[in-house]
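Undergrad: Fold the stuff below for me.
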Amino acid sequence: MIDHALFDPATIDPETLRLNAEIVAAHAAQPDPWTLPIDEVRERRKAGTKASPAMPRSTRAETMLIDGPGGALPLRVIRPRPGVRLRGAYLHIHRGGWIWGGADEQDPWLERIADSCGFVCLSVDYRLAPEHPYPAALLDCEAAALWLAGPGKAEFGVSALTIGGESVGAHLAVMVLLRLRDRHNLPRAFRGANLNAGFFDLGLTPSVRNWGAERLVVNTEDLTRFADDYVREGIDRRRPDVSPIYAELKGLPPALFTVGTADPLLDDTLYMSARWAAAGNGGHTAIYPGGCHIFVRYPGVLTARALELIDRFLMALA
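TA: Residues are numbered from 1 along each chain as shown. This is a model prediction of the structure:
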């Protein structure tokens, strides 16, 4: 049962309120991303902005190539530091609205999982829309999951596999689990899923539709345009192979759902986590008062709590 006190504005700590105001102000002070060429927006994200500072690139990261549906598919690999026992693998799928982002933009998260949990982390550098619309990103992530569940286990010497991502990365992680179950008879190839503020309904849930113009990381226009750029016109966005919120979810592994109450995608997590539980899959839903979209992107009290819970969830799967 969800604690309704989590949604009381009085429970939001001053640090979170201050951070949210700073994020909104920083976005308002920079150009609207939809007025810029997409390549420029991608470069600005990679370099970092005041609204979204760049995360440090890991000096430990390696790039390996596997066969993908569109050619060679890069995987960014971060192994546990020396002295940490190898316990499993974590397949990560990055955020960015299917149109921005890359496998090298969240190295500190993956280093933390590698060192705290003993998992070799692999982030998929999938093809981006609109140049490569649906289902290109999904097919790339499916190929990475099949490789890891097959020859990858021997390559790294692991048996415990986990998967996860943020925002559209969480969407793609669930879609991969569904395809493994339905197309490859591998319903439990992965022991659990770490799903952070997923975009699970491309037809847009009420919290997305009602959010409005305030860009607290993302707003209604951003999320609408992400879906429009990823899925071509004429494709029904309520198809379960497009929006996993409409899929049959039975037989999937346990999941940790993470979301803040100040996230336009709040309903996506509330609805999906409820359906996940009703399907008997197990897991936990963590709701953080005042947390913005992917609030773990920003240092703070909420982030420390959320990352510690993610560590504990993943370690329990090894």
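Undergrad: buried sites along the lengthiest helix in the chain?
TA: Taking DSSP state H as the criterion, the chain has its longest helix at helix 168-184. Using 16 or more other CB atoms under 10 Å as the test for burial, helix 168-184 gives 168-181. Heads up, the C-betas are built off the backbone N, CA and C, glycines and all.
Undergrad: quick one, what contacts the residue lying closest to Asp13 once chain neighbours are set aside?
TA: Spatial nearest neighbour of Asp13, excluding adjacent residues (CB to CB, 6 or more residues apart in numbering): Val301 at 6.3 Å. Counting by CB atoms under 8 Å, 6 or more residues apart in numbering, Val301 touches 13, 15-16.
Undergrad: what about stretch 253-269, start to end distance?
TA: Using CA to CA, to the nearest Å, one end of stretch 253-269 lies 16 Å from the other.
Undergrad: Equivalent analysis for stretch 291-310, please.
TA: Stretch 291-310: ends 16 Å apart by CA to CA.
Undergrad: Then stretch 274-285?
TA: Separation of the first and last residues of stretch 274-285 by CA to CA is 9 Å.
Undergrad: Can you pull out the residues in contact with it?
TA: With contact meaning CB under 8 Å, 6+ apart, stretch 274-285 is reached by 2, 192-193, 245, 248-257, 259, 269-270, 273, 309, 313.
Undergrad: Repeat the analysis, applying 6 Å as the threshold.
TA: Contacting residues not belonging to stretch 274-285 are listed as 249-250, 252, 254-257, 273 [CB atoms under 6 Å, 6 or more residues apart in numbering].
Undergrad: cool, stretch 181-196 as well?
TA: So stretch 181-196 is in contact with 149, 160-164, 166, 170, 173, 180, 251, 253-258, 310, 317, going by CB under 6 Å, 6+ apart.
Undergrad: In helices, which of those fall?
TA: 170, 173, 180, 310.
Undergrad: Check the first one and give its pLDDT.
TA: The predicted local confidence for Ala170 comes out at a pLDDT of 99.
Undergrad: Please enumerate the strands of the stretch 151-300 of the chain.
TA: Counting by DSSP state E, counting those that start in this stretch, the stretch 151-300 of the chain has strands at residues 161-166, 192-196, 255-260, 283-288.
Undergrad: Run the angle between the shortest one and strand 161-166 for me.
TA: This means strand 192-196. 10 degrees (axes from the mean of the first three to the mean of the last three CA atoms, to 10 degrees).
Undergrad: Give me the angle between strand 192-196 and strand 283-288.
TA: Going by the same axes, to 10 degrees, strand 192-196 is angled at 20 degrees with respect to strand 283-288.
Undergrad: Mind checking which of the contacts of stretch 181-196 are buried?
TA: Judged by 16+ other CB under 10 Å, buried ones among these: 149, 160-164, 166, 170, 173, 180, 253, 255-258, 310, 317.
Undergrad: middle-most residue in this protein, spatially?
TA: Glu166 (1.6 Å; CA atoms, centre = their mean).
Undergrad: Roughly how far does that one sit from Trp100?
TA: As judged by CB to CB, to the nearest Å, Glu166 and Trp100 stand 13 Å apart.
Undergrad: next one: Asn194
TA: In terms of CB to CB, Asn194 sits 21 Å off from Trp100.
Undergrad: Pull up the per-residue confidence for Leu180.
TA: 98.
Undergrad: picking that back up, look up the pLDDT of the residue nearest to Asp13 for me, please.
TA: pLDDT recorded at Val301 is 92.
Undergrad: which residues of this protein score low on pLDDT?
TA: 1-2 (pLDDT under 70).
Undergrad: so where do the helices sit in it?
TA: Applying DSSP H to the chain gives helices spanning 14-28, 38-47, 107-117, 136-147, 153-156, 168-184, 206-209, 220-230, 266-278, 301-315.
Undergrad: what residues does the first one touch?
TA: Looking back up the chat, that one is helix 14-28. Under CB under 6 Å, 6+ apart, the answer for helix 14-28 is 50-51, 215-216, 290, 292, 298, 300-302.
Undergrad: And that helix, what's buried?
TA: Using 16+ other CB under 10 Å as the test for burial, helix 14-28 gives 16, 19-20, 23-24, 27.
Undergrad: Quickly name whichever of those is closest to Ile235.
TA: Nearest to Ile235 among the buried residues of helix 14-28 is His27, at 30.0 Å by CB to CB.
Undergrad: What's the separation between the closest one and Ala213?
TA: Distance from His27 to Ala213, by CB to CB: 11 Å.
Undergrad: And Gly96, by the same measure?
TA: From Gly96 to Ala213 the distance is 21 Å (CB to CB).
Undergrad: Next: Leu6.
TA: Leu6 is 25 Å from Ala213, by CB to CB.
Undergrad: Can you get me a residue count around Leu252?
TA: When neighbours are counted by other CB atoms under 10 Å, Leu252 registers 25.
Undergrad: how about the nearest residue to it, chain neighbours excluded?
TA: Spatial nearest neighbour of Leu252, excluding adjacent residues (CB to CB, 6+ apart): Asn281 at 4.9 Å.
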